[in-house]
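S.K.: Mind looking at a prediction? Sequence and model below.
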Amino acid sequence: MSIFAFCTSSFLHTPSRLAHPTHICNRHVPHTAPISLSSPSPPHVTPPSPPTFPPSRTATITRTTNETAITLTLNLDGTGICDVHTGIPFLDHMLAQLCSHGLFDLYLRAKGDLWIDDHHTNEDIGITLGMAIAKALSNKKGIRRFGHFVAPLDESLVEVVLDFSGRAHCEYALQIPTQRVGTYDTQLVREFYHALAGNAQMTLHVVQRAGLNSHHIIEASFKAFARAIRMAVEFDPRRLDTIPSSKGVLTDAAALDSKSKSNPTA
Ligand SMILES: [Mn+2]
């Protein structure tokens, strides 16, 4: 029987004594050399250093066309601060969901041709936000890459699954029962997701599992989208400094480059 049979219980409840087990035991059991302390002796453990993450991942994009002028700054490692004025009140409300549940900080100002309708402004905000996400993620080293979430909002239930794969793909399957929420054309939800996924180089699936109310369905989708992005962009402590791909690359650099060439202000 080990010498430690006499003192095990005191070890269990007094972790601070673990550093000096022989001192405690020697008071009760005078030992004669040699005594093996191999098995119960706690090994000397150096606490692991906290992982060194890069500083906050931010991106600023300014994009100007004949239809819209948009400037935004995104911080993927933020706290949920949302300072946006898109000119489209319902889209402001949805971007607030994105920030709050994704823990992004977003500053955005948009001036668009709203006298026509919301289409160009809505789509170009999706484009610009997607570009900002891609820029902030850079080579995607250390991120989880995949994200998913199912968000309820009362009777509505929407699932979002995404992958920062470097390939732009959007499967959109919301069935919104009314043409408008407030003044917002609900067809624009699809346009927003397509524009964002395409420019963030993201594979995106938006699936409606239940829902009756248009506002609820759309808002549930943005909440699920926010949480799925948050999951995907957060760091995997087992992935530090490596790109989460068997191919070794998750960025279509040529696509990003062609965008910046076609839009010199971006
Ligand atoms: Mn709402």
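M.R.: Okay, I see it. Residues are numbered from 1 along each chain as shown.
S.K.: Quick check: nearest residue in space to the residue nearest the centre of the chain, chain neighbours excluded?
M.R.: Within the chain, the residue whose C-alpha comes closest to the C-alpha centroid is R230; the distance, by C-alpha atoms, centre = their mean, is 1.8 Å. Here the nearest residue to R230 in space, its sequence neighbours aside, is G102; by C-beta to C-beta, 6 or more residues apart in numbering that works out to 4.6 Å. C-beta: built from backbone N, CA, C; applies to glycine.
S.K.: Ramachandran angles for the one you found?
M.R.: phi -90, psi -10 (degrees, to the nearest 10).
S.K.: I'd guessed it sits against I229; true?
M.R.: Yes. Taking C-beta atoms under 8 Å as the definition, G102 is a contact partner of I229 at 5.2 Å.
S.K.: since we're on the residue nearest to R230, how many residues are nearby?
M.R.: 24 (other C-beta atoms under 10 Å).
S.K.: do you know how far it is from D118?
M.R.: When C-beta to C-beta, to the nearest Å is the yardstick, G102 and D118 sit 23 Å from each other.
S.K.: mind listing the strands for this protein?
M.R.: Counting by DSSP state E, the chain has strands at residues 58-64, 68-75, 82-85, 105-112, 146-153, 156-163, 169-173, 180-181, 184-185, 203-210.
S.K.: now A134: how far from I218?
M.R.: Here A134 is placed at a distance of 24 Å from I218 (C-beta to C-beta).
S.K.: So if we follow the domain assignment, how does this protein break up?
M.R.: The chain breaks down by automatic domain parsing into domains covering 1-47, 62-262.
S.K.: Export these to a markdown table and append columns for mean pLDDT and distance to P55.
M.R.: Shown next, in a markdown table, are these (pLDDT from 0 to 100; distance: least, C-beta to C-beta, whole Å):
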| stretch | mean pLDDT | distance to P55 |
| --- | --- | --- |
| domain 1-47 | 46 | 24 |
| domain 62-262 | 94 | 8 |
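S.K.: Could I get the contacting residues of N75?
M.R.: The contact partners of N75, taken as C-beta atoms under 8 Å, 6 or more residues apart in numbering, are S56, R57, T58, F104, D105, L106, A136.
S.K.: List the contacts of the last one.
M.R.: A136 makes contact with R57, T58, A59, L74, N75, L76, according to C-beta under 8 Å, 6+ apart.
S.K.: and if you look at the fourth one?
M.R.: With C-beta under 8 Å, 6+ apart as the criterion, the residues that contact F104 are L74, N75, L76, G78, G80, L98, A226, I229, R230.
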